[in-house]
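[1] Give me a 3D structure for the following:
(one chain, ligands or ions: 1)
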Amino acid sequence: MSRILQHLIAHELDCEVDFAVDLASAKILLEQKEYFVAITDLNLPDAQEGEIVRLVLSKQTPCIVLTGSLDSEQRKQLLQLGIVDYILKENRFSYEYVVRLVRRLQRNIDVKVLIADDSVVSRKFVRSLLEQHLYQVIEADDGHSAWEILQSQPDIQLLITDYNMPGLDGFGLILKVREKFSREELAIIGLSSDSDESLSARFIKNGANDFLQKPFVHEEFHCRVLNTLDSLDMIRKLWDQANLDYLTCVYNRRYFFGLFEEQMEQIKQKQGALTVALLDIDFFKKVNDTYGHDVGDEVLVEFAARLKHFFGQHFTVSRFGGEEFTVAFKGLNQEKAFVLMDKFRSQLEMKPIVTSKGEMFITVSTGIAGLADDSLDGLIQRADKALYDAKKSGRNLVCIEA
Ligand SMILES: Nc1nc2c(ncn2[C@@H]2O[C@H](COP(=O)(O)OP(=O)(O)OP(=O)(O)O)[C@@H](O)[C@H]2O)c(=O)[nH]1
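    Numbering: from 1, shown residues only. Next comes the predicted model:
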């Protein structure tokens, strides 16, 4: 059994695994090294009363118990000791669950969770449960301070909020949050000890992903948090697949059109500027023909990385397809965009791209156009015309629409 688990973890999680056959050898290993997590049986040849759990926890190492049987008294004791979780060795899914749990723990280190609750006791309890699973925990004692924290720390992924709070209650907080953060940006779990049975549905209708009735047991809490964050990861993965270019990881054409079609009317009404640069790597076919398609891909990846590094913080970089990219400059006129683009062009020309087949100098031609009284398609067509002029005039040039 241990060998199966050792293989699964090393194979699927890409981490080093040490294996101890009894408490004595576990003790030696724990003294020699610091472990990210320990998976233990309760019954070892030289310690049959679960002594290993106390030993692991005394080293501040998160502990997952994988055991053949567990009575309700043992379960209670283990949870009180602060183990991550217990899993019964029932079938092969038990092992998959352990692997999923360790994977989640690895990810949890980077997951920030905000608890909004006016009760100190309840907040501390939820914090201790979350910390057993290695989340980064932040606390707020009412709705208003939770809202302030969320605005200043937009990388928080999960909000766990109580219903009854002074000032801004759980519903008020969720309504505010959902105006700014979508379900794929921030997940919410509602909590309440209120006996009103319609609360759970109301929480979810107002924008929460899930709801937990207080008091709850450890296992239910962890399962709900795990499921909520797994769905968030899944939604984000789907979003990335739909909006990012698979090769270069910059935005794709679909994202570009989605974003700016939506903003078009607003930009026009405010008479704001929108300038688009269309870039096309020069003689790229030659790279493929001389060095092969894989080296061509390496060049595309590095080219996109440089574009993103140069423009990505303030502007929108996308790959339109093949060796064609765009940079959208919102709020910038054509002349200013030209200056930036020409700087990028000359830096690219000077610094070779390192590939598996050696260093390569490449250049890029660029066409620039600004938003007029037409559509986004019209704007792209005009940038394309300017790009054609740049190619025709000798390449390695930036041209503004005539
Ligand atoms: N490696 C690689 N090549 C691609 C990809 N997408 C398109 N291409 C290649 O990009 C090349 C584009 O060539 P052309 O349109 O003839 O243009 P060019 O050789 O860059 O010449 P100019 O644009 O006129 O300077 C073609 O050989 C395509 O096969 C890709 O994802 N990876």
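[2] Please make it C-alpha for all contacts and neighbour counts, starting now.
    Noted.
[3] For the closest residue to Glu185 other than its chain neighbours, grab phi and psi.
    With Cα to Cα, 6 or more residues apart in numbering as the criterion, Glu185 has its nearest non-adjacent residue at 6.8 Å, and that residue is Gln157. Recorded main-chain torsions at Gln157 are phi -100, psi -20, according to degrees, to the nearest 10.
[4] what's the answer for Phe283, then?
    phi 50, psi 40.
[5] Could you count how many residues lie near it?
    The burial metric for Phe283, expressed as a neighbour count using other Cα atoms under 10 Å, is 13.
[6] residues in contact with the residue of the stretch 51-200 of the chain found nearest the ligand?
    Relative to the ligand, the nearest point of the stretch 51-200 of the chain is Glu184 (28.9 Å; Cα to the nearest ligand atom). By Cα atoms under 8 Å, 6 or more residues apart in numbering, the contact set of Glu184 is 232, 235-236.
[7] now Lys176
    Lys176 sits next to Trp147 when contact means Cα under 8 Å, 6+ apart.
[8] Just confirm it is within a strand.
    No: secondary structure assignment (DSSP: H, G, I helix; E, B strand; the rest coil) places Lys176 in helix, not in a strand.
[9] got a pLDDT number for it?
    Reading off the confidence values, Lys176 has pLDDT 95.
[10] One more: Arg306?
    As predicted, Arg306 sits at a pLDDT of 98.
[11] Domain map for this structure?
    Taking automatic domain parsing as the criterion, the chain consists of the domains 2-105, 109-243, 251-400.
[12] So Gly272, which state does it fall into?
    Per three-state DSSP, the secondary structure class of Gly272 is coil.
[13] so what's it up against?
    330-331.
[14] again, but for Gly292
    Gly292 is in contact with no residue at all, counting by Cα under 8 Å, 6+ apart.
[15] what's around the residue lying closest to Asp280 once chain neighbours are set aside, how many residues?
    Nearest non-adjacent residue to Asp280, counting by Cα to Cα, 6+ apart: Glu324, 4.6 Å away. Neighbourhood size, Glu324 [other Cα under 10 Å]: 16.
[16] So Glu324 versus the ligand, what's the distance?
    With distances taken as Cα to the nearest ligand atom, to the nearest Å, Glu324 is found 8 Å from the ligand.
[17] So what pairs up with that residue in the strands?
    For Glu324, the beta-bridge assignment (DSSP bridges) gives partners Asp280, Gly321.
[18] Confirm for me that it is in contact with Phe284.
    No: in terms of Cα atoms under 8 Å, Glu324 does not count as a neighbour of Phe284; the distance is 10.2 Å.
[19] Quick check: next helix or strand after the worst-scoring helix or strand of the chain on mean pLDDT?
    In the chain, the helix or strand scored least confidently by mean pLDDT, DSSP states H and E is helix 2-13, which has a mean of 84. From helix 2-13 onward toward the C-terminus, using DSSP states H and E, the following helix or strand is helix 23-32.
[20] Pull out the buried residues from that following helix.
    If you call a residue buried by 16 or more other Cα atoms under 10 Å, then helix 23-32 has these buried ones: 23, 26.
[21] helices or strands next to that helix in the packing?
    helix 51-58 (3 or more Cα pairs under 8 Å, 6 or more residues apart in numbering; DSSP states H and E).
[22] returning to what we had before: selection in ChimeraX covering whichever of the contacts of Glu184 are buried, please.
    ChimeraX command restricting these to the buried ones, with burial defined by 16+ other Cα under 10 Å:
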select :232
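[23] Would you check which of the contacts of Glu184 are in contact with the ligand?
    Counting by Cα under 6 Å from any ligand atom, nothing from these sits close to the ligand.
[24] From the contacts of Glu184, pick the one nearest the ligand.
    For the contacts of Glu184, the closest approach to the ligand (Cα to the nearest ligand atom) belongs to Arg236, at 23.8 Å.
[25] Show me what secondary structure element comes after the host helix or strand of the closest one.
    Following DSSP H and E, the helix or strand that holds Arg236 is helix 218-243. Tracing the chain C-terminally past helix 218-243 and defining elements by DSSP H and E, one meets strand 251-252 next.
[26] Please name every helix or strand in contact with whatever helix or strand comes next after that following strand.
    Beyond strand 251-252 in the direction of the C-terminus, DSSP H and E gives the next helix or strand as helix 253-269. Using 3+ Cα pairs under 8 Å, 6+ apart as the contact criterion, the elements in contact with helix 253-269 are helix 218-243, strand 316-321, helix 376-392.
[27] could you redo the last one with a cut-off of 10 Å?
    Helix 253-269 is packed against helix 218-243, strand 274-281, strand 316-321, strand 324-330, helix 376-392, with contacts defined by 3 or more Cα pairs under 10 Å, 6 or more residues apart in numbering; DSSP states H and E.
[28] Many thanks, I have nothing further to ask.
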